[in-house]
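*Asks:* Provide a 3D model corresponding to the input given below.
(chains A and B)
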Amino acid sequence: MANAASLPADAPAAGADRSPMARMAAAVTSRLVIIVPYVWLLFFFLIPFLIVFKISLSTTAIAMPPYTPVLDFADGVAGFVSGLRELSFDNYVWLTQDPLYFNAYITSVVIAAISTVLTLLVGYPIAYGMARAPASLRPTLLMLVILPFWTSFLIRVYAWIGILKPEGLLNQVLLGIGVIDTPLIIINTYAAVFIGIVYSYLPFMVLPLYSSLEKMDNSLIEAAQDLGCPPIAAFWKITFPLSVPGIVAGCLLVFIPAVGEFVIPDLLGGSQTLMIGRTLWNEFFANRDWPVSSAVAVILLLILIVPIVIFQNAQARAQEAGR
Amino acid sequence: MNATWSRFNITSITLGFAFLYLPIVLLVVFSFNASKLVTVWGGFSTKWYVSLFHNQGLMDAAWVTIRVGLISATVATVLGTLGALALTRYTRFRGRVLFSGMIFAPLVMPDVITGLSLLLLFVAVGLDRGFMTVTLAHITFTMCFVAVVVQSRLITFDRSLEEAAMDLGAPPVKTFFQITLPVIAPAIVSGWMLAFTLSLDDLVVASFTSGPGATTLPMKIYSQVRLGVTPEINAACTILLGLVATGVIVASIVNKRREVQRRRDEQAAQRG
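*Replies:* Numbers count the residues shown, from 1 in each chain, chains lettered A, B, ... in the order given. Okay, the predicted model is just below:
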């Protein structure tokens, strides 16, 4: 800022007579700005998905890597064609035949959906309270919401084990004050998974909600109240509709990763919890079945593609609005 | 505003923050527990911290994690900043939709998919799994977070400053380093920190892409947690929490100072 301000105002406009060399250098740098991250993401983000898809169509083999055929152009076109012929949809057929996978997908989506609603119910009052807080206090409150996000996810999930165990802190407190006579069994149930997801993903919900609530013009509410609208009706008629973009962003930020969540169901849900992230992990690490785990990943991605596209469009719109 | 800062709002914030912080506080408190039982208080002791530092496996894993974090966060910050510039400055180029898709999708992509796909890539190109593959994987998923953080700063950036510099004859690269970079520096710093903590934190992607000799701290903690909760893990977690909290608080104080300084400069510039 200070730099620009201190430049003399009557300096000649030299932009027009820049040499062709300089102009070419500028064109090259602007290309590089795009190309470097673009190529990186193509190679490390997009191509891996194509490989996952390819391997989901191969069959398991006892080898390293443990799948066959290895489809590539190294053997020439003939080798590629014969490789194509060996591709099979067996893994997908296998996924439909074993109800385990189908149930895991359904359970994951249902658990993620319920947890998203719970997170919204917990997060909305917090975001609302923050947006209504005195302006001087808001940066501090914002930082307090973000801070847990900076601390390890694994640690935060782990912390709940000590609280929810049968002999854990929650039961000690509840037994101590006489609310219950026998310890509650929470750990290794779906209830523990819900608690874990709500807790871990709460900042993702609160932040977009807060930013949409904070932008709101408070005079709208005052006007409604002056006209005799009761506060609760004013909330549903004005505040809530205006916060919908925040609700959509928050819910997607919770729902999409929660469907494929691994750590929370694994540590808090116990062996009974059937979620697709765990299924994929077990296929890969325990059964060493790379083709089937690839097929599981492809189907999971297909389930998530619609919410991901909605999320991207919402992000792009927010970006346009900010321009 | 104060009138609407009602009892309801105060209550919801208090309960919300209690929910967010109580588990972390309890974790820290019980790391100083003398008893081996994690949930029964047996007096104050720092013995778990001592035994932690004698746990060679954990120490090695911590060192791997820090190195992976430093390298991947730095590369991811460069790539992510370039990505943010490409998104905000070049509104039309071929494949822009795909590009913005590849920036935003990793933010919500389940870890298991990212981990599996990167592993299969590394196997396909014949790269041995280890330190290098974990670092590459971490660069890939953290650079998108950096891009989003930097991009949000670039959107609110006053472009007339850059245009003024270019009109005065500054070449684009010089304009970038003298005008743009100082203004977006705080966003770049927080992008780096975010990338570093995400890398420090990651269990799933690291488990897929790591190989022998490159066990990271979360992988180590995870394997110990599965065997049972121990106070030693509480101690390790407390140290990590302390490091992160210190870093964030220092960064926010530095940011605030800069902001104050910037405002003073602006006022001085306007007066002058």
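
*Asks:* Quick one: residues contacting whichever residue of chain B sits closest to chain A.
*Replies:* Residue of chain B nearest chain A, by CB to the nearest CB: B:Pro110 (2.3 Å). C-betas here are computed from N, CA, C, even on glycine. By CB atoms under 8 Å, 6 or more residues apart in numbering or on different chains, the contact list for B:Pro110 reads A:Ile256, A:Pro257, A:Val259, A:Gly260, A:Glu261, A:Phe262, A:Gly277, A:Leu300, A:Leu304.

*Asks:* any idea of the pLDDT on the nearest residue to the fourth one once chain neighbours are set aside?
*Replies:* If I follow you right, that is A:Gly260. Using CB to CB, 6 or more residues apart in numbering or on different chains and skipping residues adjacent in sequence, the residue nearest A:Gly260 is B:Pro110, 2.3 Å away. pLDDT recorded at B:Pro110 is 89.

*Asks:* number of nearby residues for B:Pro171?
*Replies:* 17 (other CB atoms under 10 Å in any protein chain shown).

*Asks:* oh sorry, the question was meant for A:Val36
*Replies:* 15.

*Asks:* if I read this right, it contacts B:Val75, doesn't it?
*Replies:* No: if you go by CB atoms under 8 Å, A:Val36 and B:Val75 don't touch, sitting 10.9 Å apart.

*Asks:* Show me what whichever strand or helix holds B:Ser100 is packed up against.
*Replies:* In the assignment (DSSP states H and E), B:Ser100 maps to helix B:96-108. For helix B:96-108, the elements it packs on are helix A:20-41, helix A:244-259, helix A:290-322, helix B:56-89, helix B:131-155, judged by 3 or more CB pairs under 8 Å, 6 or more residues apart in numbering or on different chains; DSSP states H and E.

*Asks:* now those in CSV, with mean pLDDT?
*Replies:* Below are the helices and strands packed on helix B:96-108 laid out as CSV (pLDDT from 0 to 100):
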stretch, mean pLDDT
helix A:20-41, 81
helix A:244-259, 92
helix A:290-322, 84
helix B:56-89, 92
helix B:131-155, 92
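
*Asks:* Deepest-packed of these, please.
*Replies:* Comparing the helices and strands packed on helix B:96-108 by mean neighbour count (mean count of other CB atoms under 10 Å in any protein chain shown), helix B:131-155 ranks first with a mean of 24.

*Asks:* Setting aside sequence-adjacent positions, which residue approaches the most centrally placed residue in chain B most closely?
*Replies:* Nearest residue to the geometric centre of chain B (CA atoms, centre = their mean): B:Leu194, 2.0 Å. Nearest residue to B:Leu194 in three dimensions, chain neighbours excluded: B:Phe145, at 5.3 Å (CB to CB, 6+ apart).

*Asks:* got the contact list for the one you found?
*Replies:* So B:Phe145 contacts B:Ala76, B:Gly80, B:Leu107, B:Gly191, B:Leu194, B:Ala195, B:Leu198 (CB under 8 Å, 6+ apart).

*Asks:* Could you tell me the per-residue confidence at the third one?
*Replies:* Read that as B:Leu107. 85.

*Asks:* and if you look at the last one?
*Replies:* The per-residue pLDDT reported for B:Leu198 equals 87.

*Asks:* elements contacting whatever helix or strand it lives in?
*Replies:* In this structure, B:Leu198 sits in helix B:181-201 according to DSSP H and E. With contacts taken as 3+ CB pairs under 8 Å, 6+ apart, helix B:181-201 sits against helix A:138-150, helix B:56-89, helix B:131-155, helix B:217-227, helix B:231-271.

*Asks:* what's the spacing between that helix and its chain's center?
*Replies:* Offset of helix B:181-201 from its chain centre (CA atoms, centre = their mean, to the nearest Å): 7 Å.

*Asks:* just stretch A:115-130 next, same as before
*Replies:* Worked out by CA atoms, centre = their mean, stretch A:115-130 lies 17 Å from the chain centre.

*Asks:* Also stretch B:151-169?
*Replies:* 27 Å.

*Asks:* With stretch A:29-49 instead?
*Replies:* 22 Å.

*Asks:* check contacts around the residue nearest to A:Leu184 when sequence neighbours are not counted.
*Replies:* In space, and not counting its chain neighbours, A:Leu184 is closest to A:Asn171: 5.9 Å by CB to CB, 6+ apart. Contact partners of A:Asn171, counting by CB under 8 Å, 6+ apart, are A:Lys165, A:Ile180, A:Pro183, A:Leu184.

*Asks:* closest to A:Leu213 among these?
*Replies:* For the contacts of A:Asn171, the minimum distance to A:Leu213 (CB to CB) is 34.7 Å, reached by A:Leu184.

*Asks:* That closest one: neighbour count?
*Replies:* 16.

*Asks:* now the one helix or strand A:Asn171 maps to: how far from the chain's centre is it?
*Replies:* In the assignment (DSSP H and E), A:Asn171 maps to helix A:169-176. How far helix A:169-176 lies from its chain's middle: 34 Å, per CA atoms, centre = their mean.

*Asks:* Any stretches of the stretch 51-200 of chain A with poor pLDDT?
*Replies:* Within the stretch 51-200 of chain A, the stretches with pLDDT under 70 are A:61-66, A:68-86.

*Asks:* where exactly do the helices run in it?
*Replies:* A:76-86, A:90-97, A:99-131, A:138-150, A:153-164, A:169-176, A:190-214 (DSSP state H, counting those that start in this stretch).

*Asks:* wait, which of those helices is closest to B:Arg226?
*Replies:* Taking CB to CB, helix A:153-164 is the member of those nearest to B:Arg226, at 10.6 Å.

*Asks:* Show the contacting residues for B:Pro186.
*Replies:* B:Arg153, B:Asn255, B:Arg258.

*Asks:* show me the contacts for A:Lys237.
*Replies:* A:Lys237 neighbours (CB under 8 Å, 6+ apart): A:Ala224, A:Cys229.

*Asks:* now it: how far from chain B?
*Replies:* Per CB to the nearest CB, to the nearest Å, A:Lys237 is found 16 Å from chain B.

*Asks:* sorry, back to before: with the contacts of B:Pro110 in mind, which one is nearest to B:Leu217?
*Replies:* Using CB to CB, these come closest to B:Leu217 at A:Phe262, 17.5 Å.

*Asks:* Show the backbone phi and psi for that closest one.
*Replies:* Main-chain torsions, A:Phe262, degrees, to the nearest 10: phi -110, psi -50.

*Asks:* what's the burial count for it?
*Replies:* 22.

*Asks:* Which residue comes closest to it once chain neighbours are left out?
*Replies:* Nearest to A:Phe262 is A:Gly277, by CB to CB, 6+ apart, at 3.8 Å.

*Asks:* Return the distance of that neighbour relative to A:Ile106.
*Replies:* 14 Å (CB to CB, to the nearest Å).

*Asks:* Over to B:Arg271?
*Replies:* Separation of B:Arg271 from A:Ile106 (CB to CB): 66 Å.

*Asks:* Looking at these two, which is more packed in?
*Replies:* A:Ile106 (13 against 6).

*Asks:* So that one versus A:Ala113, what's the distance?
*Replies:* Per CB to CB, A:Ile106 is found 11 Å from A:Ala113.

*Asks:* Send me stretch B:108-116 as CSV with only the CA atoms.
*Replies:* As requested, C-alpha coordinates have been extracted for stretch B:108-116 and formatted as CSV (Å, rounded to 0.1, in the frame of the first residue of the first chain):
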residue,chain,number,x,y,z
VAL,B,108,-14.2,-32.6,0.6
MET,B,109,-12.8,-35.8,-1.0
PRO,B,110,-12.9,-38.7,1.6
ASP,B,111,-9.4,-39.5,2.7
VAL,B,112,-9.7,-43.2,1.8
ILE,B,113,-10.3,-42.4,-1.8
THR,B,114,-7.4,-39.9,-2.0
GLY,B,115,-5.1,-42.3,-0.3
LEU,B,116,-6.0,-45.3,-2.4
